[in-house]
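Dropping a prediction and its sequence here:
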Amino acid sequence: MFRWTYLDASGREVGASDPFADRGEAEAWMSHAWQDLLDEGVAEVVLVDLEEDEGVYRMPLGEASEGHT
């Protein structure tokens, strides 16, 4: 199980996604949701492996927006 944790520009946690069955499902969802999250003030996201209770990777949404016009 995986979940996205949402961070604001100061690195403070401001929310989280619903859980996903696997990493691929979580990443596919983010590929469609990132712009809405950015518009809502989310600056970065962290993909969290819920079974291991640890972050897999952290991704800034602002840089992602540069490649998606």
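All right, it came through fine. Numbering: from 1, shown residues only.

so where's this protein shaky on pLDDT?
For the chain, the stretches with pLDDT under 70 are 63-69.

Now tell me what touches the longest helix seen in it from outside.
When the chain is parsed with DSSP state H, its longest helix is helix 23-39. For helix 23-39, contacts defined as CB atoms under 8 Å, 6 or more residues apart in numbering pick out 2-4, 6, 17, 20, 45, 47, 49, 56, 59, 61-62, 64-65, 68. All C-beta atoms are positioned from the backbone trio N, CA, C, and that covers glycine.

Please name the spatially closest residue to the residue positioned nearest the centre of the chain (chain neighbours excluded).
Closest to where the C-alpha atoms of the chain average out (CA atoms, centre = their mean) is Val45, at 3.3 Å. For Val45, ignoring the flanking residues on the chain, the nearest one in space by CB to CB, 6 or more residues apart in numbering is Trp4 at 4.8 Å.

and Val42, what does it touch?
Tyr6, Leu7, Asp8, Val14, Gly15, Leu61.

how near is Val56 to Arg12?
Distance, Val56 to Arg12, by CB to CB, to the nearest Å: 20 Å.

can you give me the helices in the chain?
Under DSSP H, the chain gives helices at 23-39, 61-66.

Any of the contacts of Val42 buried? List them.
Tyr6, Leu7, Leu61 (16 or more other CB atoms under 10 Å).

Write down the beta-bridge partners of the residue nearest to the centre of the chain, one by one.
Note on Val45: beta-bridge partners by DSSP bridges are Tyr6, Met59.

I'd say it and Phe2 touch.
No - here Val45 lies out of contact with Phe2, judged by CB atoms under 8 Å, at a distance of 11.4 Å.

Identify the residues contacting Leu7.
Leu7 makes contact with Glu13, Val14, Val42, Ala43, Glu44, Val45, Val46, Arg58, according to CB under 8 Å, 6+ apart.
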